[in-house]
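K.L.:
Pasting the sequence and the predicted model now:
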Amino acid sequence: RASNAFRDHPSLSKLLVICTISGGGLVAYSDVKPFGSVYADAAQPTIKKKKVVVLGTGWAGTSFLKNLKDPSFDVQVVSPSNYFAFTPLLPSVTCGTVEARSVVEPIRNIVKKKNFNVQFKEAECFKIDTTNRKVHCRSIQNTNIGGKEEFTVDYDYLIIAMGARANTFNTPGVVEHAHFLKEVEDAQRIRRSIIDCFERASLPSVSDEERKKILHFVVVGGGPTGVEFAAELHDFLHEDLIYLYPDLEKYISITLLEAGDHILNMFDKRITAFAEEKFQRDGIKVKTGSMVVKVSDKSITLKERSSGETKVLPFGMVVWSTGIGTRPVIMDFMKQIGQGNRRVMATDEWLRVDGVTNVYALGDCATINQRRVIEDIADIFGKADKNKTGKLNVEDFNEVINDIIERYPQVEIHLKSKKLKNFVQLLQSDLGDAAKQTTHLDIEKFKAALSEVDSKMKSLPPTAQVAAQQGEYLAQCFNRMKECDENPEGPIRFRDSGRHRFKPFRYKHLGQFAPLGGEQTAAQLPGDWVSIGHSTQWLWYSVYASKLVSWRTRCLVIGDWGRRFIFGRDSSRI
Ligand code: FAD
């Protein structure tokens with residue numbers, strides 16, 4: 001079009017010559033090509049960008065977006081939340097230690113920093129169609145024409161990072177009467193509900209017996225989130241609310257229910273013991289071995305494992321924090337791709353969903369397929385047995401184990417959780433006869449027995465750390481994809497022993513915190529290093545301040561901590 005315009009209008013061509021001379025080079029009128037990309041772009045077929053669709057703006061999705069640097073992708077993000085939430089601070093939001101807006105970052109703030117176009121749609125995906133490579137979505141808000149808008153988004157690569165939902169184990173009444181602590185809105189609801197209980201208990205018509213029930217707070221689940229919430233709640237009640245509602249102090253109580261034998265059972269025993277003793281001193285009742293069987297609007301029914309006795313506890317507010325389950329949309333998708341018999345969607349170690357191409361899943365919504373890992377481990381053993389004797393001596397065996405641990409850190413997590421010195425001991429305790437030979441190990445028996453360890457070998461924990469590392473890993477694979485496509489053999493530095501052009505995902509465990517209230521925190525750091533107390537609380541403050549996603553949220557959160565130290569927590573019911 002540009003060249004035609006110059007031919008039709010000689011005055012334009014003169015302008016072209018002047019412009020070109022002033023630009024440093026003479027270009028003939030008949031050859032306008034070097035003048036502008038307008039001509040060149042029109043003449044050449046436009047290169048179609050590959051469409052990448054990201055579902056979810058949580059830890060995994062946001063980490064992928066932040067680390068994606070290659071502008072040759074056309075990126076569409078679909079999520080019902082137009083923000084990223086820093087979930088480790090949600091328990092602090094429930095009591096107003098930090099404000100909800102301080103822990104979220106608008107997703108558009110994150111994508112605007114990219115040097116390429118990223119589109120965001122506030123909607124939820126309700127169906128994935130892998131045959132036609134389409135994602136079916138529904139808007140969150142009603143449109144002008146009424147109802148929610150449904151639309152589809154095409155993809156070449158699909159990144160599923162939709163997280164998980166709270167798990168109720170189908171316990172009756174939980175959805176209707178308990179609070180979850182999963183989303184920012186949940187934390188805000190809990191904050192209002194705590195104040196509601198206090199205002200309700202202050203009304204003149206309420207009897208003392210009734211006050212006790214209203215001010216009984218129950219937390220179900222003794223994992224890190226339940227424990228942290230119970231500790232936050234205790235601090236809120238005893239550092240702030242008892243001064244505002246002095247007459248109600250004698251009616252307040254907190255109960256923490258746990259089905260297992262101990263709270264924080266995924267942590268080192270020293271941390272568990274410290275937490276249980278601290279809670280006892282603080283007056284938080286910890287009831288272990290208690291299975292909740294029903295929740296109604298005013299009471300919770302539990303069954304004690306040891307005695308089989310059933311007890312009913314009246315409550316004012318109950319928070320349910322017993323782990324995570326698969327979202328219905330993911331369940332449907334799993335059925336569609338032949339994974340209907342699994343509880344969690346399986347991927348390989350490159351985060352590719354088993355059974356479909358160009359679909360990746362990361363974070364809480366998926367897990368790396370253990371059976372595949374088991375087969376791989378058996379394969380590694382097979383290769384180590386160079387003489388094909390069917391046996392390995394213990395030294396070779398330990399060397400092989402080190403290789404496996406490097407490749408599959410989840411094996412090491414299992415070892416650590418068992419407190420065993422080496423894998424041979426693990427095998428002796430877990431695998432029985434197959435591993436009883438300490439000088440030589442029978443590989444065939446070992447392979448057969450590996451399937452038994454399958455259920456015991458823990459998959460990666462559903463944490464922000466895993467999700468963020470997976471997002472970063474996958475973004476780096478995408479950043480290198482073009483280079484790999486151009487060199488089918490794969491640039492050597494990215495290639496992994498011929499099986500795949502990228503190295504598999506490897507998780508680096510950086511440690512875990514368990515805040516216990518009263519400005520004390522427990523930390524289990526790599527190398528089984530345990531630290532508990534006030535100094536660890538300062539470590540917690542510094543780590544979380546540094547991990548916040550932007551300077552804006554960092555300033556807001558630090559400001560909130562300062563405000564709380566000076567003025568205490570706000571108890572307004574807004
Ligand atoms: P999420 O972060 O949950 O993100 C899922 C995303 O998918 C969200 O944006 C959601 O809106 C979106 N989505 C949902 N449905 C759809 C749909 N249908 N279509 C499209 N998008 C959808 N981990 C730690 O490592 N350390 C901690 O201290 C810690 N503390 C925690 C405290 C609390 C209270 C909670 C709830 C979790 C905590 N975790 C912690 C765990 C951590 O938050 C999760 O492991 C992490 O959020 C998982 O990341 P994800 O991206 O898989 O999922």
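P.N.:
Great, that's in hand. What you are looking at is a predicted structure, and each value in this text was computed from that prediction instead of being measured.
K.L.:
Can you pull the residues of the stretch 201-350 of the chain lying near the ligand?
P.N.:
Taking C-beta under 6 Å from any ligand atom, the part of the stretch 201-350 of the chain that reaches the ligand is made up of 225, 327, 329. Where you see a C-beta, it was placed from the backbone N, CA and C, and this is true even at glycine.
K.L.:
can you list the weak-confidence ranges in this protein?
P.N.:
Scanning the chain for pLDDT under 70 picks out 1-46, 370-378, 390-395, 397-398, 401-458, 486-501.
K.L.:
The closest residue in space to Ser296 that isn't next to it in sequence: neighbour count?
P.N.:
Nearest non-adjacent residue to Ser296, counting by C-beta to C-beta, 6 or more residues apart in numbering: Gly173, 5.5 Å away. For Gly173, the count of nearby residues is 18 (other C-beta atoms under 10 Å).
K.L.:
Please list all residues in contact with Gly173.
P.N.:
Contact analysis of Gly173 by C-beta atoms under 8 Å, 6 or more residues apart in numbering lists 294-296.
K.L.:
Neighbour-wise, which one of these leads?
P.N.:
Neighbour tally across these (other C-beta under 10 Å): the maximum, 24 neighbours, falls on Val295.
K.L.:
Let me know whether that one touches Val175 as I believe.
P.N.:
No: with contact defined as C-beta atoms under 8 Å, Val295 does not count as touching Val175 (9.0 Å).
K.L.:
The longest helix anywhere in the chain packs against which elements?
P.N.:
Of all segments of type helix in the chain, defined using DSSP state H, the longest is helix 464-486. For helix 464-486, the elements it packs on are helix 59-67, judged by 3 or more C-beta pairs under 8 Å, 6 or more residues apart in numbering; DSSP states H and E.
K.L.:
sorry, back to before: I'd like to know which elements the very next helix or strand once past the longest helix of the chain is packed against.
P.N.:
Proceeding C-terminally, helix 464-486 gives way to strand 512-517 as the next helix or strand, assigned by DSSP states H and E. Judged by 3+ C-beta pairs under 8 Å, 6+ apart, strand 512-517 is in contact with helix 224-236, helix 269-282, strand 520-525, helix 534-547.
K.L.:
what does this protein have sitting close to the ligand?
P.N.:
55-61, 78-81, 87-88, 90-91, 124-125, 161-163, 181-182, 225, 327, 329, 363-365, 462-465, 467.
K.L.:
my guess is Asn479 meets Ser72, correct?
P.N.:
No: applying C-beta under 8 Å as the test, Asn479 and Ser72 come out as separate, 9.8 Å apart.
K.L.:
out of those two, which sits in the more crowded spot?
P.N.:
Counted by other C-beta under 10 Å, Asn479 and Ser72 do not tie: Asn479 has more neighbours, with 15 against 12.
K.L.:
got a list of what Arg343 touches?
P.N.:
Thr326.
K.L.:
What separation do you get for it and the ligand?
P.N.:
Arg343 sits 16 Å away from the ligand, going by C-beta to the nearest ligand atom, to the nearest Å.
K.L.:
which ones are touching the nearest residue to Arg191 once chain neighbours are set aside?
P.N.:
Excluding the flanking residues, the one nearest Arg191 by C-beta to C-beta, 6+ apart is Thr94, at 5.4 Å. By C-beta under 8 Å, 6+ apart, the contact set of Thr94 is 181, 187, 190-191, 194, 229, 232-233.
K.L.:
again, but for Thr553
P.N.:
Residues in contact with Thr553 (C-beta under 8 Å, 6+ apart) are 86, 102-105.
K.L.:
In contact with the residue nearest to Gly533 when sequence neighbours are not counted, which residues?
P.N.:
Residue nearest to Gly533 in three dimensions, not counting chain neighbours: Gln520, with 5.6 Å by C-beta to C-beta, 6+ apart. Gln520 is in contact with 278, 532-534, 536-537, counting by C-beta under 8 Å, 6+ apart.
K.L.:
Go again with 6 Å.
P.N.:
Shown in contact with Gln520 (C-beta atoms under 6 Å, 6 or more residues apart in numbering): 533-534, 537.
K.L.:
Disregarding flanking residues, what is the spatial nearest neighbour of the closest residue to the ligand within the stretch 351-500 of the chain?
P.N.:
Relative to the ligand, the nearest point of the stretch 351-500 of the chain is Gly363 (2.1 Å; C-beta to the nearest ligand atom). Among residues not flanking Gly363 along the chain, Ala60 sits closest, at 3.1 Å (C-beta to C-beta, 6+ apart).
K.L.:
hang on, the one you found packs against Ile160?
P.N.:
No: judged on C-beta atoms under 6 Å, Ala60 makes no contact with Ile160 at a distance of 8.9 Å.
K.L.:
quick one, which of those two is more surrounded?
P.N.:
Per other C-beta under 10 Å, whichever of Ala60 and Ile160 has more neighbours is Ala60, with 33 against 28.
K.L.:
Tell me how many other residues crowd Arg352.
P.N.:
Number of residues near Arg352 (other C-beta under 10 Å) recorded here: 16.
K.L.:
Residues in a beta bridge with it, which ones?
P.N.:
Tyr360 (DSSP bridges).
K.L.:
nearest to Asp379, of the helices and strands packed on strand 512-517?
P.N.:
strand 520-525 (32.3 Å; C-beta to C-beta).
K.L.:
What angle do helix 269-282 and that closest one make with each other?
P.N.:
170 degrees (axes from the mean of the first three to the mean of the last three C-alpha atoms, to 10 degrees).
K.L.:
now strand 520-525, how far from the centre of its chain.
P.N.:
20 Å (C-alpha atoms, centre = their mean, to the nearest Å).
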